[in-house]
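I would like the atomic coordinates for the input below:
(chains A and B)
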Amino acid sequence: MSGTKTVALTIDGRAVTAPEGANILRAAEQAGIDIPHFCYHPAFAAEGNCRMCLVEIEGLPKLELACSTPVREGLVVRTATPRVEQARRDVLEFLLADHPLDCPVCDKAGECQLQDHYDRYGRFPGRFVEAKQKKDKLVRIGRGLVLDRERCILCARCVRFLRNVTGTGELGVFERGARAEIGIFEDVPVDNAYAGNLVDICPVGAITAEDFRFQTRAWFLARKPSVCPLCSRGCAIVVESVTGYPLPEAKRRVYRVTAGQNPAVNGYWICDLGRAGRHDIDEGRPAGLLRKGVAVDGEPWQKALAEVTAAIKAVPGSDRPARIAVVLNARLTCEELARAKALFVTGLGLDRISFADRTPGTADGLLVTAERVPNSRGAFAAGFDPRLPTIEELTGATVLLVFGSGLAAHFSEEALGRALAAVPSKFLFAAHAGPLDRLFDLAFPLAVPAEKSGTYINVGGVRQSFERALSPPAGAVPEGEILTCLAHGLGLNLGDFDVC
Amino acid sequence: MINAWKVLREIARGAAITSRHFFVNMTFHTLRLFGVKTKRRGAVTIQYPEVRKELSPRHRSLHRLRPREDGRPSCVACMLCVTVCPSECITVEAAEDPDPEVQKAPTRFIVDLSRCCFCGFCVEACPVDAIRMDTGEIRLAATERSALERPLDKP
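Numbers count the residues shown, from 1 in each chain, chains lettered A, B, ... in the order given. Down below sits the predicted model:
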């Protein structure tokens, strides 16, 4: 924020500078002072309907809303006076007067702002003796979302999200006063590719997702940031998984993928495709090493990799460019691509290197791009020319190394079967089980992007490094490790330690 | 060399203690037989398992799920017992309940008795008083591990 003017103000006796036009709530947040709020969201203009962010401003007779009051030079703000604290308690008491005691069965419990604020700023005994209002508790509003009107505190974040971000405006506030409720218009359900964000922005458990509903509790989840690998936008995501107790019998490690924050890429949102990325992490993973599509028990991948090295070594050096073909993919991280370049191009002198990825989809103008791979910019940056292999190129090889199952999206199974029948040594490295498995001599299980660390370059050229969000299932390894071990087996030093 | 004299002395001391218990108990049992009321009573052996001692009202034994009026468990699958359990022995899987007032009900509720330490934290934590440890069932041994995984939601 270099060009903008800043103003100096005092919050709780602390000197704070904030850009002109910012509100007090943001200025305080940046100075590390928490002002509780429900309806304010940094992505939207302040609406000021929850009244939770009241603060005292010197010289003004009444308490003011921190979310809608812009900062001014010399403003003296107090956020922790008895008057402010009493106001917060009063707001909470009104909200809780009509809030059901659902916490034991509410999915939001544990990450609910109403719970957190009551715990921190409320702690009063309930005085409300009248019967609480009965409202609909299970309203399906579309896109796998469930609305509970009793829990709703009418902050209207969902309404504003659908109006301002997606522009679809499926939700509105109906009726008035105590009968006011969120609802869809007539019978038109919420139907846009960003509806999953409503669950994230709802400060209470009013909107929940059927996919996550009742599956586990929020406090069992380990939240680790990662980068979404499902399109070239590379949105920041949070992978929420349960890896220890209480792991149910059903093999669901990742309970949900939620939006991370990255102002340079996705802001606060991710699309529903990215949320469905949890299936990509947990489902269709091979149980272990496959030999001609049949699982081999107990064979370590390092031992099997020696066969790959032997097959490559069997080809004389001068024949290698013509007889060894490699198919990579743009799900590999920049580090892995650089390693592949050093191994296959510099080290072995190969030129039959092609890329096979999933077929492009359509861009939606908001976040989703047409390219459904995360790192095609990275492939260019590493010096590769990402082009699809031809069938002849595959057939003509003596040794074929295929990374990823992208080939299945471009060629029919029969065509591939016929082409690969002529190849003496063929090896597949894939994170997901698929029709390709039985066509190859050996299929090595790989880690998915959430299970490795690395760097992706997104469609806008933003380099994003990410750490491993969860550990891969037993036997699955990242491509980088495979490449390093291959290089060591072939006696080529890539500058890594020998991990094999 | 082992001091044989010391060994013999210890054996004699042990025999003396055992016989003291025998004679003291016999004295009190004999006095009672003749109707003499004494403050102390002779020791009594309960012939377990033919004879059972009554359990204390605040004992902790095998868990049960309290049923609702219609017979289904009153558990709402909030998983607070799972959270609080120090020996990590409770498995709960939840699903949508057809009754919107109930909302959430367990489809599986399993206590692994091979891990349970009978601390009763689950009973304390339950917000709807669904789990109790008052069945009086304390003979929980089994010949297979799988028999120790008790599903509580099935009657």
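
I'd like the average pLDDT over stretch A:40-48.
When pLDDT is averaged over stretch A:40-48, the result is 93.

Poorly predicted segments of the chain, please.
Reading this off chain A. Within chain A, the segments meeting pLDDT under 70 span A:1-3, A:247-251, A:496-500.

if you could check chain B rather than the one you did, that'd help
Using pLDDT under 70, the flagged stretches of chain B are B:1, B:155.

ok, and what's touching stretch A:238-246?
Stretch A:238-246 has contacts (Cβ atoms under 8 Å, 6 or more residues apart in numbering or on different chains) with A:216, A:220-226, A:252-260, A:278, A:281, A:450, A:469-471, B:79, B:82, B:88, B:90-92. Where you see a C-beta, it was placed from the backbone N, CA and C, and this is true even at glycine.

The residue of chain B found nearest chain A: how many residues sit nearby?
Distances between chain B and chain A by Cβ to the nearest Cβ are smallest at B:C78, namely 3.4 Å. Number of residues near B:C78 (other Cβ atoms under 10 Å in any protein chain shown) recorded here: 24.

Kindly report the same for A:R278.
So A:R278, with other Cβ under 10 Å, has 23 neighbours.

And the helices in chain B?
Ranges of helices in chain B, per DSSP state H, are B:4-33, B:80-84, B:121-125.

Likewise for the stretch 401-500 of chain A?
Secondary structure of the stretch 401-500 of chain A (DSSP state H, counting those that start in this stretch): helices at A:407-410, A:413-421, A:479-489.

Likewise for the stretch 51-200 of chain A?
Going by DSSP H, counting those that start in this stretch, the stretch 51-200 of chain A shows helices at A:82-97, A:113-117, A:157-164, A:197-201.

For the one residue in the stretch 251-400 of chain A that gets nearest to chain B, which non-adjacent residue is spatially closest?
Distance from chain B to each residue of the stretch 251-400 of chain A (Cβ to the nearest Cβ) is smallest for A:R252, at 10.7 Å. In space, and not counting its chain neighbours, A:R252 is closest to A:D282: 5.9 Å by Cβ to Cβ, 6 or more residues apart in numbering or on different chains.

does that neighbour really touch A:R256, like I thought?
No: contact criterion Cβ atoms under 8 Å: A:D282 and A:R256 do not qualify, at 11.1 Å.

of those two, who's got more company?
A:R256 (23 against 19).

Break chain A into its domains for me.
Using automatic domain parsing, the domain parsing of chain A gives A:6-94, A:98-209, A:290-489.

Those domains into JSON lines, with extra columns for distance to B:R9 and mean neighbour count?
Converted to JSON lines, those look like this (distance: least, Cβ to Cβ, whole Å; neighbours: other Cβ atoms under 10 Å in any protein chain shown):
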{"stretch": "domain A:6-94", "distance to B:R9": "75", "mean neighbour count": "18"}
{"stretch": "domain A:98-209", "distance to B:R9": "66", "mean neighbour count": "17"}
{"stretch": "domain A:290-489", "distance to B:R9": "62", "mean neighbour count": "19"}
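
Can you give me the distance of A:G21 to chain B?
Taking Cβ to the nearest Cβ, to the nearest Å as the measure, A:G21 falls 44 Å from chain B.

Can you pull the residues of chain B lying near chain A?
B:76-80, B:82-83, B:88, B:90-96, B:100-101, B:103-104, B:127-128 (Cβ under 8 Å from any Cβ of the partner chain).

taking those residues one by one, which sit in strands?
Those of the residues of chain B next to chain A mapping onto strands are B:I90, B:T91, B:V92, B:E93, B:A94, B:A95, B:E96, B:K104, per DSSP state E.

which of these count as buried?
In these, burial by neighbour count holds for B:I90, B:T91, B:V92, B:E93, B:A94, B:E96, B:K104, counting by 16 or more other Cβ atoms under 10 Å in any protein chain shown.

Could you verify my assumption that the last one touches A:V105?
Translated: B:K104. Yes: proximity of B:K104 to A:V105 meets the contact threshold set by Cβ under 8 Å, at 4.1 Å.

before we move on, the earlier item: Serialize the helices of the stretch 51-200 of chain A to JSON lines and add fields for distance to chain B.
Putting the helices of the stretch 51-200 of chain A into JSON lines (distance: least, Cβ to the nearest Cβ, whole Å) gives the following:
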{"stretch": "helix A:82-97", "distance to chain B": "17"}
{"stretch": "helix A:113-117", "distance to chain B": "14"}
{"stretch": "helix A:157-164", "distance to chain B": "21"}
{"stretch": "helix A:197-201", "distance to chain B": "16"}
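
any chance of these in JSON lines, plus distance to A:E336?
Formatted as JSON lines, these follow (distance: least, Cβ to Cβ, whole Å):
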{"stretch": "helix A:82-97", "distance to A:E336": "50"}
{"stretch": "helix A:113-117", "distance to A:E336": "40"}
{"stretch": "helix A:157-164", "distance to A:E336": "37"}
{"stretch": "helix A:197-201", "distance to A:E336": "31"}
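
Please name whichever of these is nearest to A:A431.
Nearest to A:A431 among those is helix A:197-201; the distance by Cβ to Cβ comes to 26.6 Å.

which non-adjacent residue is nearest residue 127?
Let's take chain A. Nearest residue to A:R127 in three dimensions, chain neighbours excluded: A:E93, at 7.3 Å (Cβ to Cβ, 6+ apart).

meant chain B, my bad for not saying
Closest to B:P127 by Cβ to Cβ, 6+ apart is A:P104, at 4.8 Å.

before we move on, what about A:L348?
Distances taken as Cβ to Cβ, 6+ apart place A:R320 nearest to A:L348, at 5.5 Å, with adjacent residues excluded.

contacting residues for the residue nearest the centre of chain B?
The centroid of chain B falls nearest to B:S61 when counting by Cα atoms, centre = their mean (4.0 Å). Under the criterion of Cβ under 8 Å, 6+ apart, the neighbours of B:S61 are B:L55, B:F118, B:M133, B:D134, B:T135, B:G136, B:E137, B:I138.
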